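*Asks:* 3D model of this:
(2 chains)
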Amino acid sequence: MDGLTAGFKNELQLMIYRKKTIFFFAISVFIPLLLIALFHSLQPVLGLFTVSPTYPVQMLEIYTIFLIPLFLFLEIADLFPQEVSSRTLKLALLRPITRLGAYMAKFLALGVAIGALLLLLGTVSTLCNLIFGTSGTGSIDAFGLLKAYVAAFLSMWSLAALFVCMAQFFRSAGGFLVFSILIYAGTKAAPYFLQGFSSFSITSYTGWYSLWLGHSISVAKLATGSVFVLSSLVMFLALGYIFFERKEV
Amino acid sequence: MEDIAKLTEVSKEFRNGRGISGVNLSLQKGDIYGLLGPNGAGKTTLLKMLTGLISPSFGSISLFGQDLERSFASGMRKVGCMIESADFYDYVTAIQYLKLNASFYPNIRAQRIDEVLEAVGLAAFGKEKIRHFSTGMKQKLAMASSILHSPELVIWDEPTNGLDIEGVVHFRALVQQLSAEQGITFLISSHMIHELEQLCNRVGILNQGVLIREGNVQELLTDNHSLEQYYIAELQKGKELMNHGRLDSRI
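*Replies:* Here you go, the predicted structure:
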């Protein structure tokens, strides 16, 4: 695809130049360390409470529910509505790159950012666990942990595809941010009121990685989940492109 | 002569009823073509269609002999443009921005970035964040960016907006230099008619979405005192024709 490599590198570079990206990466190092320090300082008070070997998975829970979605909303707001409102989208579209290339470059850069964030989180929390943790019950083997992080990556990327698709309807980053936070909170709350909602909502798959940790989950269930996550990714990505392609800048 | 860009019966209709109607225009290699017209005439719309930012409702557009829609990326590789206004990612420096652009083209080295910054008079500001740039400086940076890859066709929309007198003189010299030394073809939209008179070999007048006249500047000046006189007369004729319903006003 013409210009895809250059477009992809540019989008990554622009992400790095944005302070909020650096901020999110910095807190991915800071939060696991802060929590460890907190646990250690409170250990005399809490007694038996220690850093368990499942610490990287506990961190994953916090990240997949709150921090990565927030990171995604902010990055998607910058990649699409903000570029429309500040009229910088044309900077990418006036280069030798097709619309599909420009769109994919942004989406791939988003994928790399999610992957890098998870990699950093996994590395830091595993190191914290190795240095400060205790051996005990509930230990997770390295392969299981890897599977969980890969599954988390896929579900987060699918979530990104959904919000990239929605972002095509916005011309202001602020409006998109408010809308996406409300929609995300709403879809998280909906399963409490609507039975069966979670089966059809990609936002309910933020904790999907946990299925990959156990040995008791059937292969069929994992396969069904994988197909749902991947098909959501492809469907929202394609739908988003249809609107992006029609955009008149 | 080789057609660098060609628009055939190009029309675009917006919801507000304005747009472009049945424009035929061709640029030959080495042309410095001035697109004149009052505010809202459709100059920017025409340039946006020529660069793929918006699609025409009807008609066809080709760049370097190839259909724009089918060969967009290969066509745009030889085009440098600044459309509507000089907008940038304001959190990067001028050099960082030019490096980002350079990645789309082969063999652009750091030296070339220094050269284009020097050419537009921004050499001293390369390491400054764009958010600190004035409108004129942004305009110059947009010019630098559009000539970075030594394109064959340069499309500039209102390039002198925000430029001071020195900047305008510099701009004129730059166009003349690039045209003479590299044979670059220019399509410049402006309402700075005196600038276009000094620079262009051909002009087209766009009014209410219709290209009402086109011509060679030297020929026009033999029959008219100045390009301004010709322009005003043509706009007046256009209005009269519109009033008499003789000009197709589909828009």
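*Asks:* please count neighbours and contacts with C-alpha atoms only from this point.
*Replies:* Will do.
*Asks:* buried sites along the lowest-mean-pLDDT helix or strand in chain A?
*Replies:* Ranked by mean pLDDT, DSSP states H and E, the weakest helix or strand in chain A is helix A:19-46, scoring a mean of 86. Going by neighbour count (16 or more other Cα atoms under 10 Å in any protein chain shown), the buried part of helix A:19-46 is A:21, A:24, A:25, A:28, A:29, A:32, A:33, A:36, A:39, A:40.
*Asks:* could those go into CSV alongside distance to chain B?
*Replies:* Shown next, in CSV, are the buried residues of helix A:19-46 (distance: Cα to the nearest Cα, whole Å):
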residue, distance to chain B
A:21, 13
A:24, 17
A:25, 18
A:28, 23
A:29, 24
A:32, 30
A:33, 30
A:36, 35
A:39, 39
A:40, 40
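*Asks:* tell me the spacing between the residue of chain A found nearest chain B and residue B:116.
*Replies:* Per Cα to the nearest Cα, the residue of chain A with the smallest distance to chain B is residue A:96, at 4.1 Å. Note on residue A:96: its distance to residue B:116, by Cα to Cα, to the nearest Å, is 20 Å.
*Asks:* likewise residue A:122?
*Replies:* Taking Cα to Cα as the measure, residue A:122 falls 45 Å from residue B:116.
*Asks:* give me the neighbour count for residue 163.
*Replies:* I'll assume chain A. Close neighbours of residue A:163, defined as other Cα atoms under 10 Å in any protein chain shown, add up to 23.
*Asks:* meant chain B actually
*Replies:* Neighbours of residue B:163 (other Cα under 10 Å): 19.
*Asks:* which residues does the closest residue to it other than its chain neighbours contact?
*Replies:* In space, and not counting its chain neighbours, residue B:163 is closest to residue B:136: 4.6 Å by Cα to Cα, 6 or more residues apart in numbering or on different chains. If you count contacts by Cα atoms under 8 Å, 6 or more residues apart in numbering or on different chains, residue B:136 has them with B:161, B:162, B:163, B:164, B:167.
*Asks:* quick check: the farthest pair among these?
*Replies:* Greatest spatial distance among the contacts of residue B:136 (Cα to Cα): B:161 and B:167, at 10.0 Å.
*Asks:* want to throw the contacts of residue B:136 into a markdown table with distance to residue B:105 and pLDDT?
*Replies:* Listed next are the contacts of residue B:136 as a markdown table, based on distance: Cα to Cα, whole Å; pLDDT from 0 to 100:
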| residue | distance to residue B:105 | pLDDT |
| --- | --- | --- |
| B:161 | 28 | 90 |
| B:162 | 29 | 89 |
| B:163 | 28 | 91 |
| B:164 | 31 | 91 |
| B:167 | 28 | 91 |
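*Asks:* only the buried subset of the residues you listed, as a PyMOL command please.
*Replies:* Buried subset of these, written as a PyMOL selection, criterion 16+ other Cα under 10 Å:
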select buried, chain B and resi 161+162+163+167
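*Asks:* so which of the contacts of residue B:136 are in helices?
*Replies:* Using DSSP state H, the members of the contacts of residue B:136 that fall in helices are residue B:167.
*Asks:* can you redo the contacts of residue B:136 as CSV with distance to residue B:217?
*Replies:* Formatted as CSV, the contacts of residue B:136 follow (distance: Cα to Cα, whole Å):
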residue, distance to residue B:217
B:161, 23
B:162, 26
B:163, 24
B:164, 26
B:167, 24
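*Asks:* so which of the contacts of residue B:136 belong to strands?
*Replies:* Among the contacts of residue B:136, none falls in strands (DSSP state E).
*Asks:* contact residues of the stretch 51-200 of chain B facing chain A?
*Replies:* Within the stretch 51-200 of chain B, the positions near chain A by Cα under 8 Å from any Cα of the partner chain are B:51-55, B:72-77, B:81, B:87-89, B:91-92, B:100-101, B:103-104.
*Asks:* taking the residues you listed one by one, which sit in strands?
*Replies:* Reading strands off those with DSSP E, I get residue B:81.
*Asks:* picking up where we left off before, once you drop chain neighbours, what's closest to the residue of chain A closest to chain B?
*Replies:* Residue A:96 sits nearest to residue B:73 (Cα to Cα, 6+ apart), 4.1 Å away.
*Asks:* hey, which helix is longest across chain A?
*Replies:* What stands out as the longest helix in chain A, according to DSSP H, is helix A:99-132.
*Asks:* what's the first helix or strand after the least confident helix or strand of chain A?
*Replies:* helix A:55-62 (DSSP states H and E).
*Asks:* looking at the contacts of residue B:136, which is nearest residue B:213?
*Replies:* Using Cα to Cα, these come closest to residue B:213 at residue B:161, 24.4 Å.
*Asks:* quick one, what contacts the spatially most central residue of chain A?
*Replies:* Centroid-nearest residue in chain A: residue A:156, 3.7 Å away (criterion: Cα atoms, centre = their mean). Shown in contact with residue A:156 (Cα under 8 Å, 6+ apart): A:64, A:68, A:69, A:114, A:206.
*Asks:* which of the three states applies to it?
*Replies:* Three-state assignment for residue A:156 (DSSP: H, G, I helix; E, B strand; the rest coil): helix.
*Asks:* mind pulling up the pLDDT for it?
*Replies:* On pLDDT, residue A:156 comes in at 97.
*Asks:* how near is it to residue B:143?
*Replies:* Distance check for residue A:156 against residue B:143: by Cα to Cα, it reads 40 Å.
*Asks:* same thing with residue B:183?
*Replies:* Taking Cα to Cα, one finds residue B:183 at 17 Å from residue B:143.
*Asks:* next: residue B:207.
*Replies:* Distance from residue B:207 to residue B:143, by Cα to Cα: 26 Å.
*Asks:* these two - which one has more neighbours?
*Replies:* Neighbours were counted for residue B:207 and for residue B:143 using other Cα under 10 Å; residue B:143 has more, 25 against 22.
*Asks:* need the contact list for that one.
*Replies:* Residues in contact with residue B:143 (Cα under 8 Å, 6+ apart) are B:81, B:82, B:120, B:159.
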